[in-house]
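Novice: my questions are about this predicted structure, shown below with the sequence.
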Amino acid sequence: MHLPPSQLGPTSDEALMAIALREAARALQAGEVPVGAVIVDADGTVLGKAHNQRELLRDPTAHAEILALTQAAAARGSWRLEGATMVVTLEPCPMCAGALVNARVRRLVFGAEDPKAGACGSLYDIVRDPRLNHRLEVTGGVLAAQCGEILRAFFRSRRAASGNGGGGGTAEQPARR
Ligand SMILES: [Zn+2]
């Protein structure tokens, strides 16, 4: 999908996060953990956008970021995504952070932090590890309240559906997946 340049302007992180949030909402409707991602070229062209589809695809790697990266590589005809920016509603996990490094993505923008599984500053900082051969520029906390709220809504409804709080969960902090 290509946005017409007139709508791009200086594509702000917030505008891109709004796209990622719409993807997260689609995941929510589908009963998936609501995480959404969009990846754009240096000029703001959308190369890929996706939401978590782990349940639908029965695939542990079907996180929003991985699906968006795969689309972007197909759009570019290359696994190298230099110059690209990944925008995702939740701080990426170790798998996705590793994929971002491997893809040579230039910049990562995320919404909510993930203290339980985040690998971009919370538990690990894979995307800025000087021992690896590529590092990303990172901006966290963009529209964090909205990004976190959709996750909390999902886990609240899931607890309600399972009746009485579910088994030994950890209440308010949304674990990602
Ligand atoms: Zn992930």
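Specialist: Structure's in. What do you need? In this text the structure is predicted, and so the values were computed from the model without any measurement.

Novice: which elements pack onto the helix or strand harbouring Glu65?
Specialist: In this assignment (DSSP states H and E), Glu65 forms part of helix 64-76. Applying 3 or more C-beta pairs under 8 Å, 6 or more residues apart in numbering; DSSP states H and E, one finds that helix 64-76 makes contact with helix 13-29, strand 36-40, strand 46-51, strand 85-90, helix 94-102. The C-beta positions use only the backbone N, C-alpha and C, and glycine is treated the same way.

Novice: give the next helix or strand downstream of the last one.
Specialist: Just to be clear, that refers to helix 94-102. strand 107-112.

Novice: need the next SSE after that next one, C-terminal direction.
Specialist: Next along from strand 107-112, by DSSP H and E: strand 137-139.

Novice: listing partners with orientation, what would you give for that next one?
Specialist: strand 107-112 (parallel) (DSSP bridges).

Novice: beta partners for the residue lying closest to Val88 once chain neighbours are set aside?
Specialist: Closest residue in space to Val88, ignoring its immediate chain neighbours: Ala37 at 4.1 Å, by C-beta to C-beta, 6 or more residues apart in numbering. On the basis of DSSP bridges, Ala37 is bridged to Ala50, Val88.

Novice: tell me the contacts of Ala37?
Specialist: 20, 23, 48-51, 64-65, 67-68, 86-89 (C-beta atoms under 8 Å, 6 or more residues apart in numbering).

Novice: ok, back up a step: nearest to the ion, out of the helices and strands packed on helix 64-76?
Specialist: Minimum separation from the ion across the helices and strands packed on helix 64-76 (C-beta to the ion) falls at helix 94-102, 3.2 Å.

Novice: now what about that closest one, what contacts it?
Specialist: Residues outside helix 94-102 that contact it (C-beta under 8 Å, 6+ apart): 61, 63, 65-66, 69, 79, 86, 88, 92, 108, 117, 119-120, 123-124, 126-127, 132-136.

Novice: next, the buried residues of it.
Specialist: Met95, Cys96, Ala97, Gly98, Ala99, Leu100, Val101 (16 or more other C-beta atoms under 10 Å).

Novice: which of those residues are close to the ion?
Specialist: Filtering these for neighbours of the ion using C-beta under 5 Å from the ion leaves Met95, Cys96.

Novice: show me which residues of the protein are close to the ion?
Specialist: So the chain meets the ion at His63, Cys93, Met95, Cys96 (C-beta under 5 Å from the ion).
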